[in-house]
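>>> next input, structure requested:
(one chain, ligands or ions: 2)
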Amino acid sequence: MENIKWDGHTHSEFCRHGSGEKTALMIEKAIKEGFQQYSITEHAPLPRGIIEDEVVEKDFALLANEMESYLSLIGTLKKEYQNHIKVLAGIEIDFFSKFKPFIVDLLQSYEKELDEAILSIHFMEANGEYLCVDYSANNFEKGLLVYYKTTDKLHKAYWELVDEMVSSKYHPKIPVRIGHIALINKYIKRFPLQNPDLFSKAFFKNIMQQISKNGYSLDFDVAGLALKTCGTPLITAPIIEWCQDLKIPLIYGSDAHNIKKVGHFYDQYQNTITEVE
Ligand SMILES: [Zn+2]
Ligand SMILES: [Zn+2]
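Ligands and ions are numbered 1, 2, ... in the order given. So this is what the prediction gives:
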């Protein structure tokens, strides 16, 4: 589906839950691995009030007042490496049901500086709070699983949120990709589904039709492959089938938060893509 070697999902030295390694060195690793295109997609500022504690908030995402220096770093790196790799300015924006206008505003405010955006879910509502889906297996169990009672119910609620995210209108002027669409599977080996048949191809029909209609691409996020609790990319087999049926581009994403993970599992991505072509 994609002919150029492209890492479409990476984080930067601005990320406080990453390694803090220089973004330039991550790009150099990508060049060494033969990548021709490289997207920097840092976690975008969160709407006010999602995370009350400012220290915790800082750990999750850029602060609004850091956007300028983030974009300026990308500008510098674009020039510095222009003869070796095409660097794209991106951002990974969190979806929250109650804050859709925030996404529209964010996209509008930076449409000139950004080449593209990723739209992801990392939080779900439980008891009037926002809980992180992918912080840790223990946190997942004690928070989300207790609240939603069964894995099946939790997964169903997650996919309903995905459906809402891909069906809403944001009027983007830049390409939008859906980030790690199956993040809910991050701990699937530890908390398996009771009835996996619920999530067969038919279940994803509306989600995938909306993605196709809105012209989004999908992040083939390999981060899950590195985890014992997951062991698969953060996408499901039926979703890959739908991508093939509806000609939805599947873009490799290392989701690297350090130098080492830039380009990891690219072969698995390539094998999957070749099989479905
Ligand atoms: Zn991150
Ligand atoms: Zn993410």
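
>>> quick one, strands of the stretch 51-200 of the chain?
Assignment of strands within the stretch 51-200 of the chain using DSSP state E, counting those that start in this stretch yields the ranges 86-94, 117-120, 123-126, 129-132, 176-178.

>>> adding distance to residue 239, mean pLDDT and mean neighbour count, write those out as TSV.
Using the backbone N, CA and C atoms, a C-beta is placed for each residue, glycine as well. Shown next, in TSV, are the strands of the stretch 51-200 of the chain (distance: least, CB to CB, whole Å; pLDDT from 0 to 100; neighbours: other CB atoms under 10 Å):
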stretch	distance to residue 239	mean pLDDT	mean neighbour count
strand 86-94	19	98	23
strand 117-120	15	98	27
strand 123-126	19	95	18
strand 129-132	22	92	16
strand 176-178	10	98	24
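
>>> quick one, which of the ones you listed is nearest to residue 262?
With CB to CB as the criterion, residue 262 lies closest to strand 86-94 of the strands of the stretch 51-200 of the chain, at 12.6 Å.

>>> hmm, back to that, just send the strands of the stretch 51-200 of the chain back as JSON lines, with distance to residue 153 too.
Shown next, in JSON lines, are the strands of the stretch 51-200 of the chain (distance: least, CB to CB, whole Å):
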{"stretch": "strand 86-94", "distance to residue 153": "22"}
{"stretch": "strand 117-120", "distance to residue 153": "22"}
{"stretch": "strand 123-126", "distance to residue 153": "12"}
{"stretch": "strand 129-132", "distance to residue 153": "15"}
{"stretch": "strand 176-178", "distance to residue 153": "23"}
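
>>> nearest to residue 53, of these?
strand 129-132 (11.9 Å).

>>> elements contacting the closest one?
strand 123-126 (3 or more CB pairs under 8 Å, 6 or more residues apart in numbering; DSSP states H and E).

>>> lowest-confidence helix or strand of this structure?
helix 54-60 (a mean of 85; mean pLDDT, DSSP states H and E).

>>> mind listing what's buried along it?
By neighbour count on 16 or more other CB atoms under 10 Å, the buried set for helix 54-60 is 57, 60.

>>> would you map the helices across the stretch 101-250 of the chain?
Per DSSP state H, counting those that start in this stretch, the stretch 101-250 of the chain carries helices over the ranges 137-140, 146-148, 151-167, 205-213, 237-246.
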